[in-house]
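Undergrad: For reference, the sequence and a predicted model appear below.
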Amino acid sequence: MKYLIVCAGKYGSTLQTGRWIGERLEGDVLVTEAREMADPGERDVVILGSGIYSHTVLPDIMQYVDKYRETLAGKKTAVFGVAIDTTGVFVRGKVHGGWSYILPLIERLPAPPVYAGLLGGEINPMKLDDGDREKLERFYKMMDMGDGVLFKTRMTKQAAWEFAEKLMNRMNSDWGHP
Ligand SMILES: Cc1cc2nc3c(=O)[nH]c(=O)nc-3n(C[C@H](O)[C@H](O)[C@H](O)COP(=O)(O)O)c2cc1C
């Protein structure tokens, strides 16, 4: 099986997660960044991942899907989001966070992916650009979570490997076909 993993991120956690997923997959795996726009033509399975910013995926991954829409229609696909809130909450009749982050990407695909999931990300204040640091500071203040942006990681190789294992199982079962 030939896999292409396409990652859209700003600070490296999506790419790292993509590499961990790739390590566990059995087959020929190529891990790329979305902005490289790698041609999925020769690949059997395309896995699309994005860091989550302000409740949604990054534009790079949507542009990738739009560019290769026709090719992707004939492929098996999978989707992952990398975020701090991987669970989500239900408030005032709506889902916030968790799955709601990656639904726009799932819905943009020409056919439903065989598998999708949310994986834990990371916030490293040492890496953030000024704009992102200010956004997070404002958000933390609003949520009464203190003034500074602290280091936080929810990334684990184990979760990425589980994603890869579940994807491989899904492809071998009826559950992978909606
Ligand atoms: C400006 C900013 C906005 C973010 N917005 C969200 C969000 O809405 N929900 C969430 O769960 N995580 C959010 N995060 C956390 C990122 O999803 C997390 O840092 C992720 O690992 C980023 O992936 P990357 O390093 O590949 O860019 C945000 C992070 C930043 C810096």
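TA: Yep, that arrived.
Undergrad: which helices and strands does the longest helix belonging to the chain pack with?
TA: In the chain, with assignment by DSSP state H, the single longest helix is helix 157-171. Packing partners of helix 157-171 (3 or more CB pairs under 8 Å, 6 or more residues apart in numbering; DSSP states H and E): helix 13-24, strand 45-53, strand 76-83, strand 115-120. Where you see a C-beta, it was placed from the backbone N, CA and C, and this is true even at glycine.
Undergrad: okay, these in JSON lines with mean pLDDT, mean neighbour count and distance to the ligand next?
TA: Shown next, in JSON lines, are the helices and strands packed on helix 157-171 (pLDDT from 0 to 100; neighbours: other CB atoms under 10 Å; distance: least, CB to the nearest ligand atom, whole Å):
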{"stretch": "helix 13-24", "mean pLDDT": "98", "mean neighbour count": "22", "distance to the ligand": "3"}
{"stretch": "strand 45-53", "mean pLDDT": "98", "mean neighbour count": "25", "distance to the ligand": "3"}
{"stretch": "strand 76-83", "mean pLDDT": "98", "mean neighbour count": "25", "distance to the ligand": "3"}
{"stretch": "strand 115-120", "mean pLDDT": "97", "mean neighbour count": "21", "distance to the ligand": "8"}
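Undergrad: ok, now which ones touch the residue nearest to the spatial centre of the chain?
TA: Centroid check for the chain by CA atoms, centre = their mean gives residue 81 as the closest residue, at 2.5 Å. By CB atoms under 8 Å, 6 or more residues apart in numbering, the contact set of residue 81 is 49, 50, 51, 52, 57, 101, 102, 105, 117, 118, 119.
Undergrad: which strand residues sit across from the fourth one in the sheet?
TA: Per DSSP bridges, the residues bridged to residue 52 are residue 57.
Undergrad: How much space separates it from residue 103?
TA: Residue 52 sits 12 Å away from residue 103, taking CB to CB, to the nearest Å as the criterion.
Undergrad: cool, and the third one?
TA: Residue 51 sits 16 Å away from residue 103 when distances are taken as CB to CB.
Undergrad: do the second one as well
TA: Using CB to CB, one obtains 12 Å as the distance from residue 50 to residue 103.
Undergrad: Excluding covalently adjacent residues, which one is nearest to the residue nearest to the centre of the chain?
TA: residue 102 (4.1 Å; CB to CB, 6 or more residues apart in numbering).
Undergrad: Quick check: that neighbour touching residue 58?
TA: No - Residue 102 lies out of contact with residue 58 (CB atoms under 8 Å); the separation is 11.5 Å.
Undergrad: Need the residues touching each of the two.
TA: residue 50.
Undergrad: Which one's more surrounded, those two?
TA: Applying other CB atoms under 10 Å to residue 102 and residue 58 shows that residue 102 carries more neighbours, namely 25 against 19.
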